[in-house]
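Student: Show me how the following folds:
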Amino acid sequence: MNPDTKPLPVEIRELGATVVDDGVRFRVWSTRAERVAVVLYDKPTHGGEPVVAHEHPLEARGDGLFEATLELTAGALYKFRVGDDLYPDPYARHLPYGVHGPAEVMRAATGKPAPRPRLALSDCVIYELHIGTFTPEGTFAAATRRLPAIAELGVTAIELLPLASFSGRWGWGYDGVAHFAPHAAYGRPEDLRALVDAAHGLGLAVIFDVVFNHFGPEGNYLGAYSPEYFTNAVATPWGQALDYTTPAMRRFVGENALYWLDEFDGDGLRLDATHTIHDPTERHILAELVAEVRKLEDPRILIAEDERNDPGLVLTTGLDAVWADDFHHIVHVLSTGERDGYYDEYEPSLAQLARCIDRGFFYEGQPWRPTGEPRGAPADGMSAPSFVYCLQNHDQVGNRALGERLHHIAPRDLYCAMTALLLFLPSTPLLWMGQEWGASTPWRFFTDHPPELGKLVTEGRRGEFKAFAAFADPNTRAKIPDPQAEATYRNSQLQWDERERSPHRELLALHQALLRLRREDPVLRVPDRHRTSVGTDGLHSLWVRRWTPAGQRLLVIDLGERPELAPPAAVRGSTWTPLLYAGAQSFPGLPAARAAIYAAEAAP
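Tutor: The predicted structure follows:
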């Protein structure tokens, strides 16, 4: 028990509805109710909404616990009456009628799933995807049908944006309010299990993105049962903060993390915005999560999104990796010349990029102008795979006013060169869905909130860009796509047929070749920071050398007007043979290469 928290009755676990031998056990914990009942619903026969059928009181067991077992089976629909008020179950496993509707009793997973790939972090190439826009159908089943193409690409893991139920038909998923119920618009829980099973059958690990820093603004009923789950002592951009001094919230989060890994056989978790998790207790909730996950029979991967550049998350807390955004930001500035917002804290400099690659983070304690405080710390003790690098991700694309992808705004030859860099480095690479073929579709911020809340979201979204030079004019800001418009969502869905057309197929071929090289090459498949060196040759050329006893590999990038891709003087003591050009020399149809990969047999 954490010494900073109050005792919690040990029976307060497995809340909600659980199928047991003699029926369905309903269990509720409420600190504000003197009586609780389960309200059962009849399913509609010809569409429409479920209707109330029966109500059964739960027996008070003390310490806020209420419980009853009824002769029911999986498939029953229910809500809870807490005092005089009727609420959905925040521990529901399925909400087929949305976050405000009755829950469906679900039986725990049975049967033997496909064997898990059991990938080490060092083997991971992560493909981040959003179920609702990965296919035109926007469902688990449709995504499952596309998994063979992802496996053929050469990635080894898929990372699914948050799946917990949220308000409306579509959204990014970061406004989840029913954290145990996969979003119903994507399909049923068994459809998600089928997706994971299919991924494992193809050798793909599955990482679930989970949000433990806030709940969404619409449909959060957890506090209606017990206000102690939340606190107003900490300000967040999204409303009440989760109260980690309350054992109930710690248990909620711990059980939820294990639920995705156990019930859906997940291979890992990506923890959203861990820098915004406020836990004043002696043992931080992240350390508690790590300890619980490490008890599982098979290893699981734990990755934090965290803007602090804090190596302690890996070296002390025990997480496996962190998103290292400095790499993305420097590459973006180099590729586009943009300097708005946080991009102004980076220079379009290959020397700065080289330092970032060498050190893992660029900011290691230097002052960060937006806050005036030092940012980051040296990360010498972190291994290369513990840094997750990317050229694009859902945030960096979707948080742009128009949702442009990097290849929409960067020269194509430079984009190909930076792709080669990403997939050559020993860090863990992450791809954002569609970038492998240069998807023509944007990926925008979209929501489906009720009208009153939706209006505020639209106004807030456009107001975010007042400080950006390109959107200083109110008339220009008015052209930012309305998050509430269905077209904003639909226009963000991938168009899979374009993969077969030029110039998309050539870019896809480049990605496949680079990933094959990373996977099969005896040097590149060993991710070792201590056998990686990086440097610049003048203002326009960057080189990265990797080596093992099996030999050396060299990447050269030239951003000058007339690219010269020969090995630089710093590494000319070896005999270099070209392996791949990230352009027309190896892939006709692409622009002339600005990056080349070489091999030398002898180690330095």
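Student: From now on I want contacts and neighbour counts done on CA atoms only, so please keep to that.
Tutor: Fine.
Student: Not counting the helix or strand encompassing residue 414 itself, show me its contacts.
Tutor: Using DSSP states H and E, residue 414 sits in helix 412-424. Residues outside helix 412-424 that contact it (Cα atoms under 8 Å, 6 or more residues apart in numbering): 331, 335, 389-391, 406-407, 429, 507, 511, 514-515, 518, 524, 555, 557, 559, 582-583, 590-595.
Student: taking those residues one by one, which sit in helices?
Tutor: When the contacts of helix 412-424 are checked against helices (DSSP state H), the matches are 331, 335, 406-407, 507, 511, 514-515, 518.
Student: tell me which of those is nearest to residue 458?
Tutor: residue 406 (24.2 Å; Cα to Cα).
Student: number of nearby residues for the nearest residue to that closest one once chain neighbours are set aside?
Tutor: Setting aside the residues directly before and after it, residue 406 is nearest to residue 392 in space (Cα to Cα, 6 or more residues apart in numbering), at 6.7 Å. Look at residue 392: counted by other Cα atoms under 10 Å, it has 21 neighbours.
Student: Let me know the pLDDT of residue 392.
Tutor: On pLDDT, residue 392 comes in at 98.
Student: tell me the phi and psi of it?
Tutor: With angles defined as degrees, to the nearest 10, residue 392 sits at phi -150, psi 150.
Student: Would you mind confirming that it is in contact with residue 433?
Tutor: No. Residue 392 is beyond contact range of residue 433, at 9.1 Å (criterion: Cα atoms under 8 Å).
Student: before we move on, back to that, give me every residue that touches the residue nearest to residue 406.
Tutor: 328, 405-406, 431-432, 435.
Student: These into CSV, with extra columns for distance to residue 295?
Tutor: Below are the contacts of residue 392 laid out as CSV (distance: Cα to Cα, whole Å):
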residue, distance to residue 295
328, 34
405, 40
406, 40
431, 30
432, 31
435, 36
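Student: Neighbour-wise, give me the winner out of those residues.
Tutor: Counting by other Cα under 10 Å, top hit in these: residue 405 with 26 neighbours.
Student: Look up the closest residue to it, ignoring the ones flanking it.
Tutor: Using Cα to Cα, 6+ apart, the nearest residue to residue 405 is residue 397, at 5.5 Å.
Student: cool, and residue 377?
Tutor: residue 364 (4.0 Å).
Student: I'd say the one you found and residue 376 touch.
Tutor: Yes. Assessed by Cα under 8 Å, residue 364 is found in contact with residue 376 at 4.3 Å.
Student: For this structure, spot the helix or strand the model is least confident about on average.
Tutor: helix 474-477 (a mean of 88; mean pLDDT, DSSP states H and E).
Student: quick one on the thing from earlier: pick out the most distant pair among the ones in helices among the contacts of helix 412-424.
Tutor: 335 and 518 (23.4 Å).
Student: ok, residue 15 - how many residues close by?
Tutor: 20.
Student: Output the below-cut-off pLDDT ranges for this structure.
Tutor: Applying pLDDT under 70 to the chain flags residues 1-12.
Student: just to revisit the earlier point, for residue 283, see how far away the residue nearest to residue 406 is.
Tutor: For residue 392, the distance to residue 283 equals 34 Å [Cα to Cα, to the nearest Å].
Student: Residue 576 too?
Tutor: 52 Å.
Student: out of those two, which sits in the busier spot?
Tutor: A direct count of neighbours by other Cα under 10 Å for residue 576 and residue 283 places residue 576 higher, at 19 against 14.
Student: Over to the more buried one: give its phi and psi.
Tutor: Torsion angles at residue 576 (phi, psi; degrees, to the nearest 10) stand at phi -100, psi 130.
Student: In this structure it contacts residue 598, no?
Tutor: Yes. Between residue 576 and residue 598 there is a contact under Cα under 8 Å: 5.7 Å.
Student: Which helix or strand contains residue 209?
Tutor: Per DSSP H and E: strand 205-210 holds residue 209.
Student: Strand partners (parallel or antiparallel) of that strand?
Tutor: strand 157-160 (parallel), strand 268-271 (parallel) (DSSP bridges).
Student: Let me know which of those strands is the nearest to residue 49.
Tutor: strand 157-160 (30.1 Å).
Student: The very next helix or strand once past the closest one: how far from the chain's middle?
Tutor: Sequence order places strand 164-165 as the next helix or strand after strand 157-160, per DSSP H and E. With Cα atoms, centre = their mean, to the nearest Å as the basis, strand 164-165 stands 14 Å off its chain's centre.
Student: same question, stretch 265-285
Tutor: Counting by Cα atoms, centre = their mean, stretch 265-285 comes out at 13 Å from the chain centroid.
Student: Residue ranges of each domain in this structure, please.
Tutor: 16-104, 121-500, 530-600 (automatic domain parsing).
Student: would you list those domains in a markdown table and tack on distance to residue 115?
Tutor: Converted to a markdown table, the domains of the chain look like this (distance: least, Cα to Cα, whole Å):
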| stretch | distance to residue 115 |
| --- | --- |
| domain 16-104 | 24 |
| domain 121-500 | 6 |
| domain 530-600 | 32 |
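Student: Out of those, the one nearest residue 114 is which?
Tutor: So among these, domain 121-500 is nearest, using Cα to Cα, at 5.4 Å.
Student: Over to that closest one now: how far is its first residue from its last?
Tutor: 31 Å.
Student: ok, which stretches of the stretch 451-600 of the chain are helices?
Tutor: Applying DSSP state H, counting those that start in this stretch to the stretch 451-600 of the chain gives helices spanning 451-463, 474-477, 486-490, 504-520.
Student: ends of stretch 381-396, how far apart?
Tutor: End residues of stretch 381-396 are separated by 28 Å (Cα to Cα).
Student: right, and residue 264 touches residue 195 too?
Tutor: No. Using Cα under 8 Å, residue 264 is not in contact with residue 195, being 9.4 Å away.
Student: Overlap in contacts, the two.
Tutor: Common neighbours of residue 264 and residue 195 (Cα under 8 Å, 6+ apart) do not exist.
Student: How much space separates residue 274 from residue 478?
Tutor: 33 Å.
Student: So those two - more neighbours on which side?
Tutor: Set residue 274 next to residue 478 and count neighbours by other Cα under 10 Å: residue 274 wins out with 20 against 14.
Student: got a list of what that one touches?
Tutor: So residue 274 contacts 212-213, 304-306 (Cα under 8 Å, 6+ apart).
Student: which phi and psi does it have?
Tutor: phi -70, psi -20.
Student: Give me the number of neighbouring residues for residue 460.
Tutor: 11.
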